[in-house]
Each structure stands twice: as C-alpha cells, then as structure tokens.
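>>> model the structure of this input:
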Amino acid sequence: MGLNNLWVARPGRTPASGDYAPAAYNLRGAEAGTVLHAGHQAFDLSLTASNLFNREYRDYLNRFRYYTADVGQNIQLRVRVLFKGLTLTIIIFSTSQSPLFMSAFPQFDRSARLVAGAALLASLDLAGCNKNEEVVSPSVANEAITTMTLTVTNTANASDTQTATWEQLLDAKGNPVASGPDYSKATLILKANSTYTVAVGLLDKTQTPTLNVGAEIKDRANIHSFFFQPMPTSQALVIPAPTGTDTYPLPIPTPTPTSNPLNLTVTRTDQDTNKTPLPVGLTDQFATGAASTGYLRVVLRHQPNVKDGSYAPGSTDFDAGFQVTIQ
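As a prediction, this is how the structure comes out:
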C-alpha cells in the first residue's frame, strides 16, 4: 500500500519561436496490493490509481498538448499469477477519464469512464525464464529476517521453559554484518525422555520498531515451511548437507562429527490452509530420548506455488543452528 506524488515544473528552456510550454502540474496517485492463495497457487492482486483527483494538465513531451489535456484519472485492477515458470498478467478492469479519449469517442458519457469492464490484457512474460532455476514467484518476495528464537516448554512442568536465540544482523544494504552470527544464546538443555512444546519466533531488527516476521509467516503459511534437522543422525537427512564452499550455520561444525546421534525427534504441529493441508512449523513438539549431545539445524523455506511438503522446492528465507544437550 502506498501513496505517490509527481510534480512537474513549467519548462524553462523553450525555443525562441515561442513554442507552447504548459504550466506546472502536480499529480497524486495511490496503490494497494495483496497476495491471495487458492491451493498451491498464489495470485498477486493490485489496485492502482493515477491522477487520483483528475487534475487537468498538459505534458510538454506529449505532442497532443497543442490540442487537448493529458490523461485524466485512471484506476486499474490487475492480477498476476506465476504458472509453470511464466508470469500471466491480466487487467481485470481499467477506468479512464481522459480528454483525449473523450474527444476521439464523443459517444461515450464522460461520467461513465469505463474503458473496459473485462480483461484488457493478458501477457506472458518469458524474459529471464530458466527451466533449470527453482520456480519462485517474483511477486512474493523472500522475507527479511535477522533473528530466530525457539521457546520450549516441558509438557510435564510448565515452569521448565527456556528460549534459545540465533541472530544474524544486517548492514544498511541488507548484507550480513562482518562479525557474523551471534549464537551465544543458541543453546538448549533438555531433559531426557521428555516432551516439549515449541514456538518459533522470527524478527527483523533492521526495522524500527522491530518487525515481528513470525506474524507475517503465519499469514503466509501456505507458501512457507520450517524444516528441522537433529545432528548427528542415523536417519536420512531432512535438510541436505552443504556442498562446495557452503557451510552449516554456526555453531554447527562443517562437516558434522560422526558421533552418536542426537536423540531428538521433531514434529511440526501446525498446518496451512492449502487444499491438502501441509505442515508449517511455527509450533512444534520435541520428544527427547536418552542423554546425548549435538545440534539442531532449522531452515525456513519460501515456497510460493510449489509447496508440497518436501524441502526441495523454493528458496531459503533463514538458516539457523542451535546446540542441544539432552541430560
């Protein structure tokens, strides 16, 4: 949602022959948008208004300025959808109060202003489409996140609650600060053979005040999934191990030790509202076994249009590591 303002001064350098230079003008506009979901499909809906107050003006760069005023109030509703790697844009309706339009079509009532009541345009945007790339809707941006918290509570003793925090601050350009992540508080000490409820929190500390990204993830649950990887493990990896020059998020060492497995089982307890509901992971359950030590990797995946319950599709919003002791 936003407002915009365009101010154009009267041209000060015109030909000596006395070319017509229109007066200065000021135009205001507004826009709003949202993302809707139907099953796995995301729809980017936007409403825009230009020359909101229908100000009459003439643009020096428009050759029709000699004959008529420029475009008047224009309101447009459009929907954009990503389908199999292609972006389909449909203008549902567009209204215009344009003197130029009215002079060309005098049979239209100026007060009606309806140029098209159905779709005016359907365009396929093929530019930059690479079949080898992951399909992630360009209309639903990845979240900016600096901080992840895990708040765990023992189901047998509500006073046994602790919070672990992993944080990667960003500079003014949105890049990780050179000092690296702060994992000094990313530690959990759990009791053996116990069950814990877990709440995942996410913050963006680049905003003032700090933004609760967890609330946004909850609203966009249909395109997000958390994945949890206890390490070491004797089971197949839920989250693939890093390759090449990639590393695990600290404090997890790369490569991980091949010691006895961490006896921790994680179950996601919340679901989205897709046609076939899928796990999200903002709320979870930890079940501990015998005493052991290790790490827990937590990754938030961003999966518009492609969420299917698995890790692979989409891209990563956040990747954090926690040290875990079960005793």
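>>> in three-state terms, how would the residue lying closest to Val298 once chain neighbours are set aside be classified?
Among residues not flanking Val298 along the chain, Ala320 sits closest, at 5.1 Å (Cβ to Cβ, 6 or more residues apart in numbering). Any C-beta I mention is one placed from the backbone N, CA and C, and that applies to glycine too. Ala320 falls in the strand class when you classify it by DSSP: H, G, I helix; E, B strand; the rest coil.
>>> tell me how many other residues surround Asp317.
20 (other Cβ atoms under 10 Å).
>>> let me fix that, I meant to ask about Val213.
Using other Cβ under 10 Å: Val213 sits among 22 other residues.
>>> from Leu88, how far out is it?
Using Cβ to Cβ, to the nearest Å, we find Val213 at a distance of 29 Å from Leu88.
>>> cool, Gly244 as well?
Per Cβ to Cβ, Gly244 is found 35 Å from Leu88.
>>> also Gln168?
Going from Gln168 to Leu88 by Cβ to Cβ gives 36 Å.
>>> which of these two has more residues huddled nearby?
Set Gln168 next to Leu88 and count neighbours by other Cβ under 10 Å: Gln168 wins out with 21 against 15.
>>> the more buried one against Pro181, yeah?
Yes: Gln168 lies in contact with Pro181 (Cβ atoms under 8 Å); the separation is 4.3 Å.
>>> related to what we said a few turns ago, now do the contacts for the residue nearest to Val298.
148, 166, 181, 186, 249, 297-299 (Cβ atoms under 8 Å, 6 or more residues apart in numbering).
>>> residue ranges of the strands in the stretch 1-150 of the chain, please?
2-8, 25-38, 41-50, 74-83, 86-96, 114-116, 122-125, 147-154 (DSSP state E, counting those that start in this stretch).
>>> avg pLDDT for the third one?
If you average the pLDDT over strand 41-50, you get 80.
>>> that strand pairs with which strands, parallel or anti?
strand 25-38 (antiparallel), strand 74-83 (antiparallel) (DSSP bridges).
>>> got the angle between it and strand 2-8?
Strand 41-50 runs at 40 degrees relative to strand 2-8, counting by axes from the mean of the first three to the mean of the last three Cα atoms, to 10 degrees.
>>> CA atoms only: put strand 41-50 into CSV for me.
Coordinates of each C-alpha in strand 41-50 appear next as CSV, following Å, rounded to 0.1, in the frame of the first residue of the first chain:
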residue,chain,number,x,y,z
GLN,A,41,-1.4,-21.2,-6.4
ALA,A,42,-0.6,-17.6,-5.4
PHE,A,43,-2.4,-14.6,-7.0
ASP,A,44,-0.8,-11.1,-6.8
LEU,A,45,-3.8,-8.7,-6.8
SER,A,46,-3.0,-4.9,-7.2
LEU,A,47,-5.2,-1.8,-7.5
THR,A,48,-3.5,1.4,-8.8
ALA,A,49,-4.8,4.9,-9.3
SER,A,50,-3.0,7.6,-11.2
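>>> correct me if wrong: Pro279 contacts Asp270.
Yes: Pro279 lies in contact with Asp270 (Cβ under 8 Å); the separation is 7.1 Å.
>>> pull the helix or strand with minimum mean pLDDT from this structure.
The weakest-scoring helix or strand in the chain, judged by mean pLDDT, DSSP states H and E, is strand 122-125 (a mean of 40).
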